[in-house]
Every structure is written in C-alpha cells, then in structure tokens.
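# here are the coordinates; sequence isn't available:
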C-alpha cells in the first residue's frame, strides 16, 4: 500500500489522545487532524505537529479523509453524532453500551450503506473479548465462557465513591478473584456469578473532619455498586493518591473451558494486562481504521462489527506475506 | 441454517477420530462418512453409526458432501492428495509444514479456484496461534511476540528417543520455562531464543540389560534435538508408562508485549491448555468446515487461510445474534 490511509480523530479526551499516540506507530496511516466540538484554541495536542480543528471543518473534507475515528462517549455522543458522521465518512468507534448495540448497528448501517464503512464497538470489551468469546464457543461448543475484569480502574464505581459526602478523591479497582480464575482454568467448569469472580478495592482521600467509619460503611453497603461484593476501602493521603492512582490500568481474562469429548478438558484463555486502558482501546481502533479503509476500497459498505472482519484486514502486510510468516 | 452441512472425513488416525467426536457436538453439521485409503473393513469407528468407505467411494459424491476434512499428514499425504481432492470438493486441512505453506496454498488455490473452497493450515499452530500473532502485531506494532509451547508431547522428539538403542518406549514433553514466561508477561521484552524458553523432559522404559547411564548421555547430547536444551530423562516402568503417558496433552502461549506510547506497557496473552492435542485440532477443523461451507455458498472460491476468515463465519449463529450477545 503506497498511499497512506488518511485518518481524522473526532474528540480529544483520553481516547483521542491514545489514537494520536497510536497513529505515530503506524507509518501507513497519517493523521489529518483532530476535530473537536470544543473551542480548538483550548486544546493542546500531545504532539506538536497535530492540527486541531473545530468540528465544522469536516465539511468539505469528505474526499480528503479515508476514516474518522470517533472518540466520543457511548451515552450521549455516539448515538447522536455517530450516524451523522457515518453518512459522510467511513468511521470506527468504540460504542460500548451493550444493550443498545443492535439499534446502534442498525442506525450506523443505514447511515453508511451508501458508500461508507462503519465499524462499531471496537476495543477490548466489546471488541477483542467478544472475538475470543466467539472463537471459544465455536471451537468448544460443549463448554462455558467466563470473563474476568481487572485488575482495573472502574470509572462508574470511582464516580460512585466520589459522590459520598466527605470523600475528597477516590478510585475503585475491580480485582478478579484468583481462586475463581484457578477453578475455571482447571477445567472444573464451576457456576460463578460476577460477584463470585471479582472483589472491589477502593482508595479514598477524606475531606477534613470527615467520619472515616461512616464513610467506609456507606461505601461497602452501597446498593448495586458494592453491597454484594467483597469490598475493601483504603484511606490514603492526597499525595499518595496523586502519585499512585492517576494511571488508568485495566485488563482481564476470557476463559473458555470445555470438553472435546466426554472427560477431555480443553481450556482457551485470552488475557490482557494494560497499563493504560484508553491507549490500548485506541490502539485497537487504529488497527480497525486500516480495515475500514480496505473494506471501503472493496466496496463492502455499511456497518460491520469486529466479529465480521477477517484478521488479515488489520495488518499493513499483504495476505501472502502474512501466510509465509505467521502460519 | 435449516440445511445441515454435510461433512466427510478423509483419514482415520487420531485427528480423524477427533473430528468424528467434534461433529457429534455440532448439530448443524452431519457426518456423511469416513473415507480411508486403508481397507475399510479394518477400521472400527468410535461411534457405531459412523460409516466407513474406501477413498474411491468419494467418486460421484461431489454433490452430496459440502466439505471434506482432510486428516492426513503434512509430509507425504496432503501435498499429493490435498490438491486432487480440492479440485472436486471444498476442503479444510491442518497442513503444518511452515516452510511449505506458500507453495501448498498456491497448489490448493489453483485446484479449488473453479468452484470449491480450500481452507489450509487450520488448527492451533499454525492456526489460532497465527491469528493471535497477527492481532498482537497489528494492535501493538511496537512490541515483541513470544511463543511458548507446552507442556506438551512432542511427536518428533518422542520418535528420536525411541530410536536410541536400549529404549523400549519413550515420550518427550516440551516444557515452557516459567521464568521466561514471567519475564515476557512483565512487559520486560527480553531477547529469548527457543531454547531459553523451553526445557525437555523425557520418560523412557529400558529394554532388559540396557545401560541406563549410556542411554541418558546419548539422549541429552543428541544434536539438534536435545544438546542445546535443559533435558531431563526419567526412567520408569512399562506399567507406569502405559498408565501415565498415553494421552496427548499439549498447549502453549502466544504473548505480545508492547508499548502503546513510550513507557506504557500493554500485554496480550493467548494460552491453550489441551488434554488432547489431536481432539483440539479436530475441533478447530470442524469450526472452519462451517466457514468453508459458507464461503462456498457465497461463491468465495479458492484457497483461504485462517487469517483471511472473519470470526463470525465459525459460529452457527447469525451475525445479528452474535452482535446482540457477544459485543
């Protein structure tokens, strides 16, 4: 591929910054610019050569951008702006509201079907974990799939503890149970609920004069979020919080444990250990941007999910080179 | 899919038996029969309902079999019989002579291009490991891929120790180095050779009067096979050998360790723990037989590797159902 794939980033939070970093590692893709709904003058891109534009600057660039990577949120942003943009550009996004995937797919498919490609729900879960669930089920139809998340920072649970009066700062890590993982890996095929499989660990900084015992109790008994889990609360200083808890690690496991014949245990395990959740998700988005450009060049328009995309489409190399090297 | 996919098995060794067992777990596929170059009367299938035919019985069944699963060996069988059969039937095989994959692909592609599909090199390595190498490289272009094999029985090395005079029976297990795995998992990105990453463990039964010390020395110093590895030789009784060493376990790891930006470590790990290597390989072949039938129905004729095949083609479910459930 001599012509580079021209990519635009829409939205410049942690995910958009991760895409910017990832594009720098992929010489067959080039960054046209970041497009933002904020005032472009207020953004300072991580790389000095990155150009920042207002979202309206996309008007008229339909033929100068091969793929837009949509880095907005799944709750308020993608459902509205995704289809608007997919009607005009090929897109890749990380839509992750599980229950709404079918309707979002339909909306993106309707928008893109003219002459654009939209790859939705790209990332690791949904995304790479979904792919591994599928391979596991298809290869070992007699079996169980278990997903474990963590050790990783949960945004929703961190928000919940920060809303507790007296908490000045807080983060929550989801921690997979080593015991549960060992049981699944053994091929034992245990029945485990999400709460059997995970513990929750909180680190909080207290406001002056806050009642530590009361706050601990409020957190561990919080319905839905913590009450059914084994939850620990660690009170730390603001300095330690800033030093130790500003990264966004995450990861997890998908384990398919099955039998190929009665009594013959086979276990497939996929594991991610991520120092930065948004940077990794961004890296997956960039690989699928390459696939989107190729699907567009082949005329395979409309919406696709990661499940519909052949692995070779993600690589800059030719199928011939990949077969010779990887098989 | 209301019409079942009609499958024939060619060859009835461990792999063919595994395919027979796997088909019983996949209700959307049906087994037409086993086709053998041996005298069919000498074969006793594992399932009483399985019909066994001579290979010539395939003549005239071109319209009654959707996919043949070729269970012959890569050295003498597939290079000759693969293209012959691929010209008449859609096929799936586990061709695994790495250096010859490109020429085998070309031969199968030429044979199948009329109106058949040939999926080559299906299994776990080559196969699922190849897919995971590709995903890892594409998502983390700045990184290293390490493959570890084992703990598993190595057929070639077991054959080598059985050829040592005085050895009545023997097996060799390849064992991945825990230390090397830990270093790769940590994101350290060490430079490791295959022999740094694996040890070799042998279990042998001696012939009467054999010189144990001499035999140990012959094995551990055997060029190419053992001399450069940390090799242990355990002498056991024929009873223990029969009891403990008749299964064919295997497995391994593909670990991609990379950085999404300088200093941000991301690790992707894929791991298989297999009680039966041939049964697992057979389970992968059967899932890809489903893909072969679908590619044929769409007119995507010619040869394909696992890298060219979208995950959703392996599942009996529709893309809509998979999206709703797995994303």
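Ah, there it is. What you see is a predicted model; the values in this text were computed from it and never measured. Residues are numbered from 1 along each chain as shown, chains lettered A, B, ... in the order given.
# from here on, just use CA atoms for contacts and neighbour counts.
Fine.
# show me the contacts for the residue in chain A that chain B sits nearest to.
Of all residues in chain A, residue A:310 sits closest to chain B, at 3.8 Å by CA to the nearest CA. Listed by CA atoms under 8 Å, 6 or more residues apart in numbering or on different chains, the contact partners of residue A:310 are B:307, B:308, B:309, B:310, B:311.
# try 10 Å this time
For residue A:310, the set of contacting residues under the criterion of CA atoms under 10 Å, 6 or more residues apart in numbering or on different chains consists of A:291, B:131, B:306, B:307, B:308, B:309, B:310, B:311, B:312, B:313.
# need phi/psi at it.
Listed backbone geometry of residue A:310 is phi -60, psi 140, with angles given as degrees, to the nearest 10.
# just residue A:175 next, same as before
Backbone torsions for residue A:175, taken as degrees, to the nearest 10, come to phi -120, psi 120.
# now it: closest residue in space, sequence neighbours ignored.
Taking CA to CA, 6 or more residues apart in numbering or on different chains as the measure, residue A:175 lies nearest to residue A:151, with 4.5 Å between them; neighbours along the chain are not counted.
# what is the burial count for the one you found?
Under the neighbour criterion other CA atoms under 10 Å in any protein chain shown, residue A:151 is assigned a count of 22.
# could you report the pLDDT at it?
Here, the pLDDT recorded for residue A:151 equals 91.
# is it in contact with residue A:173, as I believe?
Yes. Using CA atoms under 10 Å, residue A:151 is in contact with residue A:173, at 6.3 Å.
# give the contact list for residue A:161.
With contact set as CA under 10 Å, 6+ apart, residue A:161 has these partners: A:167-172, A:202-204, A:215-216, A:218-220, A:222, A:225-226.
# show the buried residues in those residues.
A:167-172, A:202-204, A:215-216, A:218-220, A:225-226 (16 or more other CA atoms under 10 Å in any protein chain shown).
# ok, back up a step: tell me, what's touching residue A:151 and residue A:173 both at once?
Listed as contacting both residue A:151 and residue A:173 by CA under 10 Å, 6+ apart are A:199, A:200, A:201, A:249, A:250.
# for chain A, which segments count as strands?
Chain-ordered strands for chain A, with DSSP state E as the definition, fall at A:5-10, A:29-36, A:52-54, A:67-70, A:91-93, A:117-120, A:143-149, A:152-153, A:167-176, A:198-206, A:230-235, A:250-261, A:264-274, A:302-305.
# give me the sheet partners of the second one and which way each runs.
Applying DSSP bridges, strand A:29-36 is found paired with strand A:5-10 (parallel), strand A:52-54 (parallel).
# next: the last one.
In the sheet containing strand A:302-305, its partner strands are strand A:117-120 (parallel), by DSSP bridges.
# kindly report the same for the longest one.
Partners of strand A:250-261 in the sheet, by DSSP bridges, are strand A:143-149 (antiparallel), strand A:264-274 (antiparallel).
# any low-confidence regions in chain A?
Confidence mapping of chain A against pLDDT under 70 gives the ranges A:1-2.
# now do 90
Scanning chain A with the threshold set as pLDDT under 90 gives A:1-3, A:75-76, A:114, A:154-156, A:159, A:184-197, A:224-225, A:228, A:246-247.
# tell me the domain ranges of it?
Segmentation of chain A into domains, based on the TED database, reads A:5-126+A:278-326, A:154-174+A:193-247.
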